[in-house]
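Asks: what's the 3D shape of this:
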Amino acid sequence: MKGDKLLLLWLALLLDEGLGDPHNRWHPVAWLGFAIAKVESWIQGGEPRRDFWTGLGVWLGGSFVVGSAIKLLAALLDKLPQPLAMLGKAALLKLTFSMRGLRQAALAVEQALQREDLPEARQQLAWHLVSRDTQALDVGQVAGATIESVAENISDGIVAPLVYYAIGGLPLAWMYRFANTLDSMWGYRTERYEWLGKAAARLDDGLNWLPARLTACLLVLAAWLRRENSRRALAVMRRDARATASPNAGYPMSAMAGALGVELEKVGHYRLGGGLAEPKVGDIRRAIRLMQTATFIGVGVLSVGLFLFRRHHRRT
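Replies: Down below sits the predicted model:
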């Protein structure tokens with residue numbers, strides 16, 4: 001394949017910062033969601049064994065179709081003049097992650113809280129960041145939920161697709177994005193999805209095992225660079241990372257809690273950084289800064305890895 005993976009990585013990051021995401025109507029991830037919903041409408045559920053194998057089949061078949069389509073599209077782009085090919089493939093990579101979109105979503109909540117418009121803050125939180133009911137959340141809980149979402153989405157919304165791009169190029173990055181989208185739609189323990197979404201949920205846990213732990217380490221480094229409390233970030237991560245039902249989400253969230261010195265709680269589910277201060281509105285901006293710093297450190301680490309791999313490959 002023509003082009004330089006390392007250059008594409010940084011070009012995609014620049015495209016994200018400069019242009020952001022297209023409207024949902026034109027976003028390929030939204031198209032994936034539409035396709036998954038369409039497939040679901042054809043599935044007659046109700047029998048656990050059949051639902052499980054159907055869900056696994058959708059995961060495998062969808063991953064193959066998405067990966068093959070992206071591989072074909074990348075090959076077609078390679079037939080264009082080199083600058084256009086690079087730009088097109090960088091755009092494809094950019095569409096698998098969204099640092100700017102995550103920042104804007106968090107800032108929308110922060111701005112509503114600064115205006116003391118709690119209903120609007122709750123609405124922005126529910127629209128863009130969390131799936132939980134936000135109507136009863138107070139100011140501290142809204143701020144805390146925003147920080148939690150920022151921390152978790154650094155992993156599965158930024159770091160993970162870039163890690164899989166570094167490992168397997170654009171097809172693998174998009175296969176991850178499909179798997180993560182399927183989990184976000186089917187990975188619930190309800191009567192409908194208990195078995196239909198079980199394969200998607202478990203496989204998504206496996207795919208996010210490494211990115212979640214890498215993200216937590218990146219947040220510790222970011223805390224040190226930002227003069228937040230990196231020691232406390234590491235200590236809280238080691239103590240609380242397994243407190244969540246998810247085997248992965250607790251790692252970046254607990255590291256973020258420790259770095260900021262705040263307690264992050266989902267009532268009835270988990271408490272990270274217990275005994276620390278209640279989150280305040282200003283802590284959202286601090287979380288965003290840590291997110292941006294952790295992302296750039298992560299891209300730097302992946303760049304070094306790609307450079308060393310290319311150098312070794314040339315020698316052999």
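
Asks: how about stretch 242-257: buried residues?
Replies: 243-244, 246, 248-257 (16 or more other Cβ atoms under 10 Å). Heads up, the C-betas are built off the backbone N, CA and C, glycines and all.

Asks: That should have said stretch 224-234, apologies.
Replies: Trp224, Arg226, Glu228, Asn229, Ser230, Arg232, Ala233, Leu234.

Asks: My guess is the third one contacts Leu290. True?
Replies: When you say that, I think you mean Glu228. Yes: judged on Cβ atoms under 8 Å, Glu228 makes contact with Leu290 at a distance of 6.7 Å.

Asks: Can you get me a residue count around Arg25?
Replies: 7 (other Cβ atoms under 10 Å).

Asks: swap in Gly168?
Replies: 14.

Asks: Excluding chain neighbours, what is closest to it?
Replies: With sequence-adjacent residues excluded and distances taken as Cβ to Cβ, 6 or more residues apart in numbering, Gly168 is closest to Met175, at 7.9 Å.

Asks: hang on, that neighbour is in a helix, isn't it?
Replies: Yes: checked against DSSP: H, G, I helix; E, B strand; the rest coil, Met175 lies within a helix.

Asks: sorry, back to before: joint contacts of Glu228 and Leu290?
Replies: Ala222, Ala259, Leu260 (Cβ atoms under 8 Å, 6 or more residues apart in numbering).

Asks: low-confidence ranges in this structure?
Replies: 1-3, 316 (pLDDT under 70).

Asks: Relative to Ala105, how far out is the most centrally placed residue in it?
Replies: The residue lying closest to the centre of the chain (Cα atoms, centre = their mean) is Gly157, at 1.8 Å. Plainly put, Gly157 is 10 Å away from Ala105 if you go by Cβ to Cβ, to the nearest Å.

Asks: What of Ile36?
Replies: Taking Cβ to Cβ, one finds Ile36 at 22 Å from Ala105.

Asks: and what of Asn229?
Replies: 25 Å.

Asks: Over to Val281?
Replies: 15 Å.

Asks: Grab the nearest non-local neighbour of Gly197.
Replies: According to Cβ to Cβ, 6+ apart, the nearest residue to Gly197 is Trp186 (3.1 Å).

Asks: my guess is the one you found contacts Leu203, does it?
Replies: No: assessed by Cβ under 8 Å, Trp186 is found out of contact with Leu203, at 11.1 Å.

Asks: show me where this protein has helices.
Replies: 5-19, 28-42, 48-77, 82-94, 99-114, 118-128, 139-154, 160-186, 198-207, 209-225, 230-240, 250-260, 281-315 (DSSP state H).

Asks: and Gln141, what does it touch?
Replies: Here Gln141 is in contact with Glu265, Val267 (Cβ under 8 Å, 6+ apart).

Asks: switch to 10 Å and redo it
Replies: Arg122, Leu125, Thr134, Leu264, Glu265, Lys266, Val267, Glu278, Pro279 (Cβ atoms under 10 Å, 6 or more residues apart in numbering).

Asks: Which members of the residues you listed are classed as buried?
Replies: By 16+ other Cβ under 10 Å, those give Arg122, Leu125, Thr134, Leu264, Glu265, Lys266, Pro279 as buried.

Asks: Just give the closest residue to the first one, not the sequence neighbours.
Replies: It refers to Arg122. Using Cβ to Cβ, 6+ apart, the nearest residue to Arg122 is Thr134, at 4.2 Å.

Asks: Would you mind confirming that the one you found makes contact with His128?
Replies: No: Thr134 is beyond contact range of His128, at 11.1 Å (criterion: Cβ atoms under 10 Å).

Asks: Now the common contact residues for those two.
Replies: Val109.

Asks: on that earlier part again, which ones among the contacts of Gln141 map onto strands?
Replies: Assignment to strands by DSSP state E places the following of these there: Leu264, Glu265, Lys266.

Asks: hmm, back to that, closest to Asp138 out of the shared contacts of Glu228 and Leu290?
Replies: Leu260 (18.2 Å; Cβ to Cβ).

Asks: ChimeraX command for the buried members of the shared contacts of Glu228 and Leu290?
Replies: Listed next is the ChimeraX selection for buried residues among the shared contacts of Glu228 and Leu290, using 16+ other Cβ under 10 Å:
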select :222,259,260
